[in-house]
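# the sequence isn't on hand, but the structure is:
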């Protein structure tokens, strides 16, 4: 269990940027071009690096995103369990 807590702590350091690929893919799936989806994700990511907010909150307040995704759909992109689902298997494989 400590492994998941440590992983979550490290993931949280990114202020949500680790989820950018999932947001990008969700926007593309909803009909945006890859280029347009990338511009939206990138512009919000730059704001995170300037400490203007977390990635989720910035996206939640970006009209370009909310016109394409519901809050629930956006939240699904930020499901941390997606990244942690195989952690025990990985640790067992690596450490024996």
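Nice, thanks for sending it over. Just so we're clear, the structure is a prediction, and the values are computed from it rather than from any experiment.
# just give the nearest non-adjacent residue to the residue nearest the centre of the chain, would you?
Central residue of the chain (C-alpha atoms, centre = their mean): residue 19, 1.5 Å from the mean position. Spatially, and ignoring its direct neighbours in sequence, residue 19 is nearest to residue 78 (4.9 Å; C-beta to C-beta, 6 or more residues apart in numbering). The C-beta positions use only the backbone N, C-alpha and C, and glycine is treated the same way.
# dump the residue contacts of that neighbour.
16, 19, 22, 56 (C-beta atoms under 8 Å, 6 or more residues apart in numbering).
# mind running it again at 7 Å?
16, 19, 56 (C-beta atoms under 7 Å, 6 or more residues apart in numbering).
# can you pull the phi/psi pair for it?
The phi/psi pair for residue 78 (degrees, to the nearest 10) reads phi -100, psi 20.
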